[in-house]
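1. make a model of this:
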Amino acid sequence: MTMLIALDENKNLIHITDAVRGLACNCTCFECGEIVLARKGEIKEHHFAHASNKDSCAIQPESVLHKYAKQVIIESMGVLLPEVPNLDIEATWWTFDKIIPEFHLGLIRPDLACYIDEEPIFIEIAVTHFIDEDKLKIIKSMNVKTVEIDLSGLLNSDLVIPSDEAKKLILESLEHKTWLFPALPKPCLVDLIGYKNQSVEEKSDSSTDSTQFPTASTWEDYQFTINGIWVHARKFSGGMLSVNCTYNPEIIAMLKQWRNEGGGRYNNKYKSWNYWQPFSETVLERLYQLHSIG
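-> Alright, predicted model coming up:
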């Protein structure tokens, strides 16, 4: 197998195209750690070879991708992460004070233990192996924010590792990043909620005509994830649908377009887009469709 990847003097990944010819590259084998030289002749394909002339090692692409993801996050001392569920933290770039790779913490060893003001955030890189339930239970018991970066889709891609394109995708794309703790709400219909207005109940008694005061207001709550963005919808018993989400230009533009299409109004107080029947049913159906492909 042709070795196109090695480790430079700083133990970082280097592609043969970026290496200096010969032993001057100061590289070692990614798999076995032996000294390698960069063969960059005019006839054969450029590649790394062991200085000892032993056969090339079989470099596992999943191992390369896993190491490279950790490498670029450490070099950048930060990464773009999606909105944190259940917390008032929108999708943003997280800058870390300290990053410790493969740090043993009791029974677990997160790929990256990152710290902001001494608070830990775990980052797990998933290529072929994902976090299991046992590890997740330990993380939850530790109450540490943990995000998983799923790079499995890159294994069979034409993306060169390392490269600026791969680095940008790992650091800046949100599509393949998921918070394991706290977890995203499940994208399903929430149980019907019945809410009774206490002030009305206080006014009501056995001698009061119940038709004078509505004793309950009901609605259905829906939670969707569209392109990695949490979207909440509330359908009231009267048929109105109220939709809100964390700020995302594409989704906001979509909700605005729907308002123009079928009629609706933006409620600045509650930061929600409101739609009425019959178009509210169309909006809800579209949200379901977008969730299924999101």
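
2. list the buried residues for stretch 116-129?
-> Across stretch 116-129, burial judged by 16 or more other CB atoms under 10 Å covers Pro120, Ile121, Phe122, Ile123, Glu124, Ile125, Ala126, Val127. To be clear about C-beta, it is placed using only N, CA and C from the backbone, and glycine gets the same treatment.

3. which ones among the residues you listed lie within strands?
-> Counting by DSSP state E, the part of the buried residues of stretch 116-129 found in strands is Pro120, Ile121, Phe122, Ile123, Glu124, Ile125, Ala126.

4. with just CA atoms, put stretch 78-93 into CSV.
-> Taking Å, rounded to 0.1, in the frame of the first residue of the first chain, the C-alpha atoms of stretch 78-93 are listed here in CSV:
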residue,chain,number,x,y,z
GLY,A,78,-11.7,26.2,19.1
VAL,A,79,-14.5,24.9,16.9
LEU,A,80,-18.0,26.0,15.7
LEU,A,81,-20.7,24.1,17.6
PRO,A,82,-24.5,24.0,17.3
GLU,A,83,-27.0,25.5,19.7
VAL,A,84,-26.8,23.9,23.1
PRO,A,85,-30.2,22.2,23.8
ASN,A,86,-32.2,23.6,26.8
LEU,A,87,-29.6,26.4,27.3
ASP,A,88,-29.5,30.0,26.1
ILE,A,89,-26.4,29.3,23.9
GLU,A,90,-26.9,29.7,20.2
ALA,A,91,-24.7,28.1,17.5
THR,A,92,-21.4,29.9,17.8
TRP,A,93,-17.6,29.5,17.7
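
5. circling back: what is the nearest of the ones in strands among the buried residues of stretch 116-129 to Trp230?
-> Trp230 has its nearest neighbour among those in Ile121, at 19.0 Å by CB to CB.

6. for the closest one, list each beta-bridge partner.
-> Ile121 forms beta bridges with Cys114, Lys145, as assigned by DSSP bridges.

7. can you name the residues that contact Tyr266?
-> Contacts of Tyr266 were listed using CB atoms under 8 Å, 6 or more residues apart in numbering, and they are Lys256, Arg259, Ser272, Trp273, Asn274.

8. any idea of the pLDDT on the third one?
-> What that stands for is Ser272. As predicted, Ser272 sits at a pLDDT of 82.

9. how about the secondary structure of the closest residue to Phe236 other than its chain neighbours?
-> Spatial nearest neighbour of Phe236, chain neighbours left out: Trp219 (4.8 Å); criterion: CB to CB, 6 or more residues apart in numbering. Three-state call for Trp219 (DSSP: H, G, I helix; E, B strand; the rest coil): strand.
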